[in-house]
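Participant: show me how the following folds:
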Amino acid sequence: MKNAVCEVVKYIILINNKRNKNLKTTKWLINRWEYWYVRYCLQLKGRLLF
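Facilitator: Coordinates of the predicted model:
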């Protein structure tokens, strides 16, 4: 279950980074996603995924 959640979050980050590079509010939101992803998903794997 955790792995599936992590894949979805990674997909959201990638899509939004491509789509909304110039929007500060969106970038802040994505930074929150990235922070959550690092805390939750990279700890799960025990290594960097990207």
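
Participant: and the helix or strand encompassing Leu14, what's buried?
Facilitator: Counting by DSSP states H and E, the element that carries Leu14 is helix 2-19. Under the neighbour-count criterion of 16 or more other CB atoms under 10 Å, helix 2-19 has Cys6, Val9, Lys10, Ile13, Asn16 buried. C-beta: built from backbone N, CA, C; applies to glycine.

Participant: name the helix or strand of the chain that has the lowest mean pLDDT.
Facilitator: helix 43-45 (a mean of 64; mean pLDDT, DSSP states H and E).

Participant: per-residue confidence for Asp46?
Facilitator: One thing to correct before we go on: residue 46 is Gly, not Asp. Gly46 is assigned 56 on the pLDDT scale.

Participant: is it true that Lys10 touches Trp36?
Facilitator: No: taking CB atoms under 8 Å as the definition, Lys10 is not a contact partner of Trp36, at 11.1 Å.

Participant: circling back: can you add distance to Tyr40 and pLDDT and give the buried residues of helix 2-19 back as TSV?
Facilitator: Below are those laid out as TSV (distance: CB to CB, whole Å; pLDDT from 0 to 100):
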residue	distance to Tyr40	pLDDT
Cys6	7	82
Val9	8	79
Lys10	11	82
Ile13	13	76
Asn16	18	72
